[in-house]
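> After the sequence you'll find the predicted model.
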Amino acid sequence: MDKLTLLGLVIGLTGVMSGQLLQGSDLSILLQSSAFMIVFGGTLGAVMIQCPAKVFFTAIKMGSWVFVTPPISGKESIRQLVGFSALARKEGILALEGRMGKISDPFLRKGMELLVDSNSGEKIREIMDVDIHSWEQLRWQSARVWEAAAGYSPTIGIIGAVLGLMHVMQNLSDPSKLGSGIAVAFVATVYGVAFANLLFLPIANKLKSIIMEQANMQEMIVDGLVGIANGDHPKLVEIKLQSYII
């Protein structure tokens, strides 16, 4: 669980609610189901129209990364690759075939299969770079879904404000309904801006940083595999890979 994300969310919401209380207003005024439905539903619909289904559902799944970041163990990957390098240098590349069952990372496993099949370092890099590019493309597009939601949300909030004011104008003859209409109008705007700046945009940026970190680890794995294929000394492989996690 990413404690910094939870702390930031708590601080952000606490700041907004504390400001509301310090102004002498009631927090209940912020709880407007109609305003929430307008902003959330409108934003969701706009995002779904914008992107392909695969990108949209990948974005939804990636949203959990903000709170539970996928495990990225650079040190463990280096330990494995250096061990593979030492074994290959001592017993030959084919000796690595017996270690394949212990590899849980699909990306590393594919690279090891290419290595065991006696592909050159250049060929391994060429194939694995395509995998990295494809992986990154989908994840970057998915992160931009959250970024797009941050763009749509305030505008949908304005739509909610206009709808609320329309409701007010239709009930000018009934003063008892004016308050609720005005509340929906202003709260919809607050929801739109708050969703964009306290949720959607921070999620998009957090996902981008995670994607960059994961892509960096994949590049490290490729460099390790290429080093093994080229017959580099295990110590040289380790020194090069350590540069990725400094």
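On my side now, so go ahead. Residues are numbered from 1 along each chain as shown.

> Give me the mean pLDDT for stretch 104-124.
In this model, stretch 104-124 has an average pLDDT of 91.

> what does that stretch rub up against?
77, 80, 84, 93-94, 96-97, 99-100, 103, 127-128, 131, 135, 218, 221-222, 225-230 (C-beta atoms under 8 Å, 6 or more residues apart in numbering). From N, CA and C alone the C-beta is placed, and that goes for glycine too.

> Look at it and report the distance between its end residues.
19 Å (C-alpha to C-alpha, to the nearest Å).

> packing partners for the strand or helix carrying residue 42?
Using DSSP states H and E, residue 42 sits within helix 33-50. With contacts taken as 3 or more C-beta pairs under 8 Å, 6 or more residues apart in numbering; DSSP states H and E, helix 33-50 sits against helix 121-170, helix 178-195.

> Where does the residue most central in space within the chain sit: helix, strand or coil?
Residue closest to the average C-alpha location in the chain (C-alpha atoms, centre = their mean): residue 207, at 2.5 Å. Under DSSP: H, G, I helix; E, B strand; the rest coil, residue 207 falls in the helix class.

> List the contacts of it.
62, 63, 65, 66, 139, 142, 143, 146.

> can you do 6 Å?
62, 143 (C-beta atoms under 6 Å, 6 or more residues apart in numbering).

> Just want the angle from the helix or strand where residue 56 lies to helix 33-50.
In the assignment (DSSP H and E), residue 56 maps to helix 53-62. Here helix 53-62 runs at an angle of 130 degrees relative to helix 33-50 (axes from the mean of the first three to the mean of the last three C-alpha atoms, to 10 degrees).

> Summarise which helices and strands helix 53-62 is packed against.
If you count contacts as 3 or more C-beta pairs under 6 Å, 6 or more residues apart in numbering; DSSP states H and E, helix 53-62 packs onto helix 121-170.

> Could you point out which residue ranges in the chain have low pLDDT?
1, 24-26, 171-181, 183-184, 246 (pLDDT under 70).

> Remind me what the next helix or strand after the helix holding residue 56 packs against, helices and strands.
Where DSSP H and E defines the elements, the next helix or strand beyond helix 53-62 is helix 74-91. Contacts defined by 3+ C-beta pairs under 6 Å, 6+ apart place helix 74-91 against helix 201-229, helix 234-242.
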